[in-house]
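Peer 1: what would the 3D arrangement of this be:
(chains A and B)
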Number of protein chains: 2
Amino acid sequence: MKLTFLGTSSATPTRKRNVSAVALTFVQRGAWWLFDCGEGTQHQILRSPLKLGRLERIFITHLHGDHVFGLPGVLASRSLADSADEPLTIHGPAGIKRFVTNALGSTNTHLAYPLRFAEIYLTSTGISTVLTDADVRVDCAPLSHGVTSFGFAVIEADKAGRLEVDRLRELGVPQGPLYAQLKAGKSITLPDGRTVDGREFVGSPIQGRKIVICGDTTPTPNTVELARDADVLVHEATFIDEDADLAAKANHSTALQAGRAAAKANARVLILTHFSPRYDAADNQRMPQLLDEAKSAFAETLPAEDLWTYSVARNTDG
Amino acid sequence: MKLTFLGTSSATPTRKRNVSAVALTFVQRGAWWLFDCGEGTQHQILRSPLKLGRLERIFITHLHGDHVFGLPGVLASRSLADSADEPLTIHGPAGIKRFVTNALGSTNTHLAYPLRFAEIYLTSTGISTVLTDADVRVDCAPLSHGVTSFGFAVIEADKAGRLEVDRLRELGVPQGPLYAQLKAGKSITLPDGRTVDGREFVGSPIQGRKIVICGDTTPTPNTVELARDADVLVHEATFIDEDADLAAKANHSTALQAGRAAAKANARVLILTHFSPRYDAADNQRMPQLLDEAKSAFAETLPAEDLWTYSVARNTDG
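Peer 2: Numbers count the residues shown, from 1 in each chain, chains lettered A, B, ... in the order given. So this is what the prediction gives:
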């Protein structure tokens, strides 16, 4: 799995950063999901290796313009892409369907594929599962941003451990369908009468990865809970610590607060995004300071840049 | 007056061309109007000298996504620009208000300035005037595109001719308030009893410029009528002549058809825009052919490029 950042600016685009969007690619399948879709996301996709025809799902964290104004364009252009007849599902807060259907309806836009909506109505103030399939589960938690704002955790299913083929060969177990039974943990009896227990020849399960992408938020315990032991936490860092009062007023976080959340959650890596354009001004470069503030709380912090791709490695510690 | 092309691709953006938008700047006032607003228009504005705070009016030719999906973003970002309290008016087909208010309402977007709508309901199948102020008039005509699609003509008011000051001095007419009366065409009596008729000392009126910007359309007599004697006609040229059947099916024009319209209208200059991305493909460069086809019907044809500015000179021929 890998993350491609398509927009890393808050509120308005700058010449270097577009507004919010991040792609999660399932490398083996070649399919990808999009998290938020600020205006110009389809333009960023054009500049990346991502193909609109392989986009399967869109998750919207919250209904602010800089996170959704690119949706109608992405949906319309996907109709003109290859594999455009594959269905697409949009997950997001109540109201996302109205926004999209009005934009498409007002402009007489007809899509070449089935568009489905999965509006999220949480019945718990904690973590809920909003999607489960064979390979992956998506959990969701409400954050704190004035309007409904979600964090999403994408959690890979654990995989069975590796079959120790060399040891089986040494024992003279013939290759073939028996190997699949052994890998599934079954016992088999060989022609010579010996019994082989698969469980003794399968390595420990390979733990699935956990990727957490949060919408805009002030610090809240739900961020920490959702990001518990995550391989990657993607968190907004709109302000520097000096502007913590602005962050609080606007229901945003400082980089330092993002770092503290990652530390409390025991995440492996923190990726910062959603930076206020004010720190990128030619005469006021504060981005190094912003990054240092987060690192003071959580060393493994990386700042996102537009079109930067981060490959999520498996945790091989212990 | 000058035109700045912010998007010149049809349907979808390419790496070189954004979707439709063109700015008309009133150089002396520093204010500007926007015609159509495809997704990413605010990004193009960032790359141009245009300032969102000086945007006074937006004219929408028709309600297709590639002409309006950038509106919510332009409106929201204008709230954060300097002079953001100045009112803004959107002129366009019925339905534009619903599209905009739903997009802003769904995303809790509050503007810092009064936003006004002037939906256009034509009562004539010909040309109607939709705006008149001291310096300029805007005429509008319905074109032919399947959905309501307008062409707009921006027509400067004529200015009084120049007062021939040198000749008046030779006659000994004293400088001062009398000159204003003479310029207004009045007669005055000098202290020595001579009568001077202002009309004899004022050059011929300076003709206002006429700029015509058409929405998407197949060939229609209204284009020619609206563009009669225009200094500039901006016309779509989605297809090459070989694809005239595609143009007809999609209610679009070929470059040749645009050239013919300019010729019939006796326009001075034709600017082509809204090119199908298919002709810009690396392995299929057909843009020179497209331009040549238009020139075969109308020599004074120019192809628009993104961020290209064209200064509209006054017609000084006779």
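Peer 1: for chain A, which spans come out with low pLDDT?
Peer 2: A:317-318 (pLDDT under 70).
Peer 1: same thing but 50
Peer 2: A:318 (pLDDT under 50).
Peer 1: which positions in it make contact with chain B?
Peer 2: A:11-15, A:18, A:39-40, A:42-43, A:46-47, A:63-66, A:68-70, A:72-73, A:76-77, A:80, A:95, A:98-99, A:102-104, A:106-109, A:147 (Cβ under 8 Å from any Cβ of the partner chain). In short, each C-beta sits where N, CA and C put it, glycine included.
Peer 1: looking at the residues you listed, which are in helices?
Peer 2: When the residues of chain A next to chain B are checked against helices (DSSP state H), the matches are A:42-43, A:46, A:65-66, A:68, A:72-73, A:76-77, A:98-99, A:102-104, A:106.
Peer 1: can I get the buried part of the residues of chain A next to chain B as one ChimeraX selection?
Peer 2: Here is the ChimeraX command that selects only those of the residues of chain A next to chain B that count as buried (16 or more other Cβ atoms under 10 Å in any protein chain shown):
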select /A:11,12,13,14,18,39,40,42,43,63,64,65,66,68,69,70,72,73,76,77,95,99,102,103,104,106,107,109
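Peer 1: and the residue nearest to A:Y113 when sequence neighbours are not counted, how far from chain B?
Peer 2: Nearest non-adjacent residue to A:Y113, counting by Cβ to Cβ, 6 or more residues apart in numbering or on different chains: A:D85, 5.1 Å away. For A:D85, the distance to chain B equals 18 Å [Cβ to the nearest Cβ, to the nearest Å].
Peer 1: neighbours around A:D85, how many?
Peer 2: Using other Cβ atoms under 10 Å in any protein chain shown, A:D85 has 11 other residues around it.
Peer 1: and the two most separated of the ones in helices among the residues of chain A next to chain B?
Peer 2: A:L46 and A:R98 (28.1 Å; Cβ to Cβ).
Peer 1: look up the closest residue to the closest residue to chain B within the stretch 201-318 of chain A, ignoring the ones flanking it.
Peer 2: Using Cβ to the nearest Cβ, the closest approach of the stretch 201-318 of chain A to chain B is made by A:P277 at 9.2 Å. Ranked by Cβ to Cβ, 6+ apart and with sequence neighbours excluded, the top spatial neighbour of A:P277 is A:T14, at 4.8 Å.
Peer 1: same question, A:Y279
Peer 2: Going by Cβ to Cβ, 6+ apart, A:Y279 has A:R286 as its nearest residue, at 3.9 Å.
Peer 1: could you do A:W308 as well?
Peer 2: A:F5 (5.2 Å).
Peer 1: ditto for A:R169
Peer 2: A:Q175 (7.8 Å).
Peer 1: run a quick neighbour tally on that neighbour.
Peer 2: 9.
Peer 1: tell me the secondary structure at it.
Peer 2: coil (DSSP: H, G, I helix; E, B strand; the rest coil).
Peer 1: for it, give its distance to chain B.
Peer 2: From A:Q175 to chain B the distance is 48 Å (Cβ to the nearest Cβ).
Peer 1: on that earlier part again, for the residue nearest to A:Y279, what are its contacts?
Peer 2: A:240, A:278-279 (Cβ atoms under 8 Å, 6 or more residues apart in numbering or on different chains).
Peer 1: try A:T223
Peer 2: Contacts for A:T223 were tallied using Cβ under 8 Å, 6+ apart; they are A:141, A:143, A:151, A:214, A:217, A:235, A:261, A:265.
Peer 1: top of these by neighbour count?
Peer 2: A:H235 (32 neighbours).
Peer 1: my read: A:G70 touches A:T41, true?
Peer 2: Yes: if you go by Cβ atoms under 8 Å, A:G70 and A:T41 touch, sitting 3.7 Å apart.
Peer 1: please enumerate the shared neighbours of those two.
Peer 2: In contact with both A:G70 and A:T41: A:A21, using Cβ under 8 Å, 6+ apart.
Peer 1: starting at the chain centroid, how far to stretch A:139-153?
Peer 2: 13 Å (Cα atoms, centre = their mean, to the nearest Å).
Peer 1: secondary structure and distance to B:E170 for the contacts of A:T223 - can I get that in CSV?
Peer 2: What follows is these, written out as CSV (DSSP: H, G, I helix; E, B strand; the rest coil; distance: Cβ to Cβ, whole Å):
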residue, secondary structure, distance to B:E170
A:A141, strand, 87
A:L143, coil, 81
A:G151, strand, 83
A:C214, strand, 81
A:T217, coil, 79
A:H235, strand, 80
A:A261, helix, 84
A:A265, helix, 89
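Peer 1: could you pull out the helices for the stretch 101-250 of chain A?
Peer 2: A:165-170, A:177-183, A:221-226, A:244-249 (DSSP state H, counting those that start in this stretch).
Peer 1: show me what the longest one is packed against.
Peer 2: Right, the one you point to is helix A:177-183. Applying 3 or more Cβ pairs under 8 Å, 6 or more residues apart in numbering or on different chains; DSSP states H and E, one finds that helix A:177-183 contacts helix A:165-170, strand A:187-189.
Peer 1: and the longest one, what's buried?
Peer 2: Taking 16+ other Cβ under 10 Å as the neighbour-count basis, helix A:165-170 is seen to contain the buried residues A:L168.
Peer 1: contacts for it?
Peer 2: Against helix A:165-170 from outside (Cβ under 8 Å, 6+ apart): A:175, A:179, A:182, A:196, A:201.
Peer 1: if we use 6 Å, what do you get?
Peer 2: For helix A:165-170, the external contacting residues (Cβ atoms under 6 Å, 6 or more residues apart in numbering or on different chains) are A:F201.
Peer 1: what's the answer for stretch A:138-156, then?
Peer 2: A:59, A:61-62, A:93, A:122, A:127-131, A:136-137, A:208-218, A:220, A:222, A:226, A:251, B:108.
Peer 1: for the contacts of A:R286, which one is nearest B:L270?
Peer 2: A:R278 (43.8 Å).
Peer 1: number of nearby residues for the nearest residue to that closest one once chain neighbours are set aside?
Peer 2: Spatial nearest neighbour of A:R278, chain neighbours left out: A:N284 (7.0 Å); criterion: Cβ to Cβ, 6+ apart. Applying other Cβ under 10 Å, we find 9 residues neighbouring A:N284.
Peer 1: contact partners for A:I213?
Peer 2: By Cβ under 6 Å, 6+ apart, A:I213 lies in contact with A:35, A:152, A:234.
Peer 1: kindly report the same for A:H62.
Peer 2: Taking Cβ under 6 Å, 6+ apart as the test, what A:H62 contacts is A:147, A:149, A:215.
Peer 1: turn the residues you listed into a markdown table, including distance to B:A118.
Peer 2: Formatted as a markdown table, those follow (distance: Cβ to Cβ, whole Å):
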| residue | distance to B:A118 |
| --- | --- |
| A:V147 | 31 |
| A:S149 | 36 |
| A:G215 | 36 |
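Peer 1: for A:I96, give me its contacts.
Peer 2: Contact criterion Cβ under 6 Å, 6+ apart gives A:I60 as the residues in contact with A:I96.
Peer 1: ok, A:S106 - contacts?
Peer 2: B:95, B:98-99.
Peer 1: which of those residues come close to chain A?
Peer 2: Here is what survives when the contacts of A:S106 are matched to chain A using Cβ under 6 Å from any Cβ of the partner chain: B:95, B:98-99.
Peer 1: can you redo the residues you listed as a markdown table with distance to A:A157?
Peer 2: Listed next are the ones next to chain A among the contacts of A:S106 as a markdown table, based on distance: Cβ to Cβ, whole Å:
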| residue | distance to A:A157 |
| --- | --- |
| B:G95 | 47 |
| B:R98 | 45 |
| B:F99 | 42 |
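Peer 1: what is the burial count for A:V27?
Peer 2: 11.
Peer 1: that one and A:L302, how far apart?
Peer 2: Going from A:V27 to A:L302 by Cβ to Cβ, to the nearest Å gives 19 Å.
Peer 1: burial measure for A:K159, as a count.
Peer 2: 12.
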